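>>> one predicted model, sequence on top.
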Amino acid sequence: MNVTLFGAEAHTLKPLIQDQPSLTLTEDPGDPGDVIICYGGDGTLLSAELKWPNIPKIPLRNSRRGFRCISDPPDQVIAQLVENTLIPTEHLKLECQITHADSSRSTRNLLAINEFTVHMGHVNAAVRFKIWFDEEPFGDSSDAEIIGDGFMVSTPFGSTAYFNEITRGTFWSGIGVAFMYAREKTNHVVLPEDVMVRAEITRGPAILAYDNAEEYVELAQGDRLHIKRFPEPAIILAPKPSDG
């Protein structure tokens, strides 16, 4: 089995991998059966998923903040990897297609395991947008336009992060949509996972952020987003929970 180590201090795990004859270190994962061992916190896991999407990840905690990470000793987890006793869990991912009103800007497709967030581009100017769930417009105003700081589209995996900070709630299935300081009376909603969320910027500027990616995507009036379930899930391997 090929193993890739990822994280600021992941090199310290090399002796544990080298002690296992059935494991081979690689810096170029992608073959069937390859595994990424993330050594850090939740951000390390997100970065690894951005870099190597849909390859199984083992998130080992090496941080004070690692809600999604395994706190068991690394040698024990690696031994379970060799024994093939780690339990895989599939997590829904989202795909966002960005179509710009400016035809000189290329259409882009991005992936996220946590969330996509659209936020006003200027701190002193609200963003205006319209949003649809499949073909149904959302919002109470006559023109269905929403004015506020922005909105977020989250997975269940991401609902324990920024989505929870906004809504003070989490969810376990579906796709969550939260609104930030909207003037209109808007409630946060959780949709079935087969629903497409469509949005259009009616007045910018705005920016799109996703997971912990370093880049922001600038959005302007007329830019459109199509956010839906990505067919391939993120896969996380973890020890079986103890009976006690």
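Structure received.
>>> which SS class is Ser47?
helix (DSSP: H, G, I helix; E, B strand; the rest coil).
>>> neighbours of it, how many?
Applying other Cβ atoms under 10 Å, we find 18 residues neighbouring Ser47. Every C-beta, even on glycine, is put in place using the N, C-alpha and C of the backbone.
>>> how about Ile175?
Neighbours of Ile175 (other Cβ under 10 Å): 26.
>>> so it touches Val189, yeah?
No: Ile175 lies out of contact with Val189 (Cβ atoms under 8 Å); the separation is 9.0 Å.
>>> that's a helix at Gly30, yeah?
No: under the criterion used here (three-state DSSP), Gly30 is coil, not part of a helix.
>>> wait, what's in contact with it?
Trp52, Ile55 (Cβ atoms under 8 Å, 6 or more residues apart in numbering).
>>> ok, now Pro29?
Taking Cβ under 8 Å, 6+ apart, one finds Asn2, Thr4, Val35, Ile36, Trp52, Ile55 in contact with Pro29.
>>> chain neighbours aside, what residue packs nearest to it?
Closest residue in space to Pro29, ignoring its immediate chain neighbours: Thr4 at 4.5 Å, by Cβ to Cβ, 6 or more residues apart in numbering.
>>> now Thr155
Leu92 (5.0 Å).
>>> follow-up on the earlier one: drop anything exposed from the contacts of Pro29.
Neighbour-count burial (16 or more other Cβ atoms under 10 Å) applied to the contacts of Pro29 gives Asn2, Thr4, Val35, Ile36, Trp52, Ile55.
>>> list the contacts of the one helix or strand the residue nearest to Pro29 maps to.
If you go by DSSP states H and E, Thr4 is part of strand 2-6. The set of residues external to strand 2-6 that reach it, using Cβ under 8 Å, 6+ apart, is 11, 13-14, 17, 23-29, 31, 33-39, 44, 47-48, 51-52, 81.
>>> stretch 229-244 too?
For stretch 229-244, using Cβ under 8 Å, 6+ apart, the contacting residues are 35, 45, 49, 53-59, 68, 70, 72, 76-77, 80-81, 85-95, 111, 113, 157, 175, 193-194.
>>> pLDDT on that stretch, on average?
The average pLDDT within stretch 229-244 is 88.
>>> any buried residues in that stretch, and which?
Arg229, Phe230, Pro233, Ala234, Ile236, Leu237, Ala238.
>>> ok, now how distant is the residue nearest to Gly40 when sequence neighbours are not counted from Gly174?
Nearest residue to Gly40, sequence neighbours excluded (Cβ to Cβ, 6+ apart): Gly7, at 4.0 Å. Distance, Gly7 to Gly174, by Cβ to Cβ, to the nearest Å: 31 Å.
>>> looking at these two, which one has more neighbours?
Using other Cβ under 10 Å as the criterion, Gly7 and Gly174 rank with Gly7 on top: 23 against 19.
>>> pretty sure that one is touching Gly43, no?
No: with contact defined as Cβ under 8 Å, Gly7 and Gly43 do not form a contacting pair (9.7 Å).
>>> mind listing the helices for this protein?
14-18, 42-51, 74-83, 162-167 (DSSP state H).
>>> can you tell which of the ones you listed is closest to Ile147?
Among the helices of the chain, helix 162-167 comes nearest to Ile147, with 16.8 Å by Cβ to Cβ.
>>> what number of residues lie near Thr186?
Count around Thr186 with other Cβ under 10 Å applied: 19.
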